[in-house]
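>>> Model the following, please.
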Amino acid sequence: MSALARMFLSEGREVLGSDRASSLVTEELEKLGAKIFYEQKAENITPDIDLVIYTIAIPNDQPELVKARELGIECKTYPEMLGVVSADKYTIAVAGTHGKTTTTAMIADVMIEAGLDPTVIVGSLLKPRGETSGSLEDSPRGTNFIAGKSKYLVVEACEYRRSFLNLHPNLAVVTNIDADHLDYYKDLADIQNAFDQFLSQSKNQIVDYQKYLTKVPELLVPGEHNRLNAAAALAVADFLKIDEEVAKQSLSKFTGTWRRFELKGKTKNGALVYDDYAHHPTEIKASIQGARDFMKKKKLAGRLIVIFQPHLYSRTKLLKDDFASALALSDKVILLPIYAARETLDEEISSDILAGLMKGKGASVWVPQNAQEASKIALEQAKEGDLVITMGAGDISQLAPNLLE
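Numbering: from 1, shown residues only. Model prediction:
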C-alpha cells in the first residue's frame, strides 16, 4: 500500500491515507507530503476524492470504505491497482510462500546494477548497497518503491486471497509453495491451484532456478534460503540477458531488506540483537539455520535466543506442532502473546499451549504477558557471544530498541 502511495506522490498527486498507528512507514510518507489519519472514521472520506485504494486485509464494513462507496467514489483493492500499474509494463512478478521480498529486492538490485532502470514495488524497505549494519531509519534508500524510467516493473506478487491473479506478468518467479493463509485457502492443494492459475497467466517458459545454485557468489546475507533466493535472481538475470558477472557482483553486495535478519545493535552485556519477519514454521527454521551459520562464521560461541510473537490465531492453531518443532531449534525461546491482527480471540490456542508443546520437545521457554516483561527476561539471559532475534510479523519489531545498550 505505501509503495503505491509513494508512486502517486512521485507523480505529483495528492495522497491521503489512514492507519491504526504511526510507524516508520507512515512517518516517511508524511515527509513526502501525504496526509495521514490515525483515527479511521467515515469523515476522512470527502466527495472530492477521486480514487480509494484499500488493502484486502480490512473488512467490508470498514467505515472509510463504506463512506467511499456511499459517495460513489471509485474503489480498488491494492492487487487490482497493482494490475492497472503493471498493464503497460514488462512485468517481472515474484511469488512464493516464502522469500518473495528478498528475491524481489535481489532482482531489483541486479537490474539496477545492469542499467535497466526498473520500477520496483517490494513488500519491505530496501537497504542501500554495501550497508552491513545499522537500521533503515538512517537509510537514504529506506523505501519500498523505486521510480524507474524503463519499461521494466519488478513487483512482489502475494498469493493471499489470490491477489496475484490481478497480474499477467511477462516473467513469473515462484520461490516455493507451502501451506499458509489457511484462514482463506482450504488446503495445500487449493494453494497449488492458485499458483497454477498465476503461472498460466504469465508469458515465460519454465526454468528450474536451482540449477543456478552453483553460480551463486558468497553472500553477505546468511542461510541456504538466501542462496536459493539468489539463484532465482540469477535465473532472471540470465533470462534478461544480463551479464553473469554483473549479476554476481550485485548479489555479492546485497545486504538484505528491512526486518529480514536485520542487525539492530547490542545489549549492555554485548549480545547481538537482530530483527526478523519470519512468522511461518518454514521461515523460522530457515532464519534459525541462517543465524546458526552466521554465528559459526563470526565465531560466536554463545546461545541463540529467539523472542517470538505468533501471528494470527488461525495460523498458530493449524501449524502449532510445526511451530513448536521449528522454535525448539533455538537454545532459548521467549514467547509473546499471539498477535491477533485481523482475527478475533480463539481460546483453543495460546502461547501457553504452544509453550507446552515446545517443553515436550525439551525446549527452554518463557511466556511473558507483554513486551516489557519479555525485554526484561531477554536482558537477564543474554550475554556476550549470544545472538538475540526478535521474530514475527506483528508489532514485535518495536521491542528490539528496548534491548539495545
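
>>> Show me the helices in the chain, by range?
When secondary structure is read from DSSP state H, the chain shows helices at 2-10, 24-31, 63-70, 78-86, 100-113, 188-200, 224-239, 244-253, 281-297, 313-318, 320-327, 351-359, 371-381, 400-403.

>>> Out of those helices, flag the one nearest G265.
Smallest distance to G265 across the helices of the chain (C-beta to C-beta): 8.0 Å, for helix 400-403. Quick note: C-beta positions are derived from backbone N, CA and C, even for glycine.

>>> quick one: contacts for the closest residue to A68 other than its chain neighbours?
Distances taken as C-beta to C-beta, 6 or more residues apart in numbering place V52 nearest to A68, at 4.3 Å, with adjacent residues excluded. Shown in contact with V52 (C-beta atoms under 8 Å, 6 or more residues apart in numbering): I45, E64, L65, A68, I73, E74, C75, K76.

>>> From E348, how far out is the last one?
Meaning K76. Using C-beta to C-beta, to the nearest Å, K76 is found at 36 Å from E348.

>>> Touching, V388 and G270? I think so.
No: the criterion here is C-beta atoms under 8 Å, and V388 misses it with G270 at 11.1 Å.

>>> Please identify which of these two sits among more neighbours.
Taking neighbours as other C-beta atoms under 10 Å, V388 and G270 compare with V388 leading, 28 against 13.

>>> OK, contacts around the more buried one?
By C-beta under 8 Å, 6+ apart, the contact set of V388 is T267, A271, L272, V273, Y274, I305, V306, I307, A378, A382, L403.

>>> For those, name the two members farthest from one another.
Pairwise distances across the contacts of V388 (C-beta to C-beta) peak at 14.7 Å, for the pair T267 and V306.

>>> these two touch, right, I56 and C158?
No: taking contacts as C-beta under 8 Å, I56 lies outside contact range of C158: 9.2 Å.

>>> so what sits against both of those two?
In terms of C-beta under 8 Å, 6+ apart, I56 and C158 are both contacted by the residues P79.

>>> circling back: just grab the bridge partners of the residue nearest to A68 for me.
Per DSSP bridges, the residues bridged to V52 are C75.

>>> do you know how far it is from K76?
Using C-beta to C-beta, V52 is found at 7 Å from K76.

>>> And for Y54, nearest residue in space, chain neighbours not counted?
Excluding its sequence neighbours, the residue lying closest to Y54 (C-beta to C-beta, 6+ apart) is L65, at 5.6 Å.

>>> helices or strands up against the longest strand along the chain?
Identified as the longest strand of the chain according to DSSP state E is strand 119-126. If you count contacts as 3 or more C-beta pairs under 8 Å, 6 or more residues apart in numbering; DSSP states H and E, strand 119-126 packs onto helix 2-10, helix 100-113, strand 143-146, strand 152-156.
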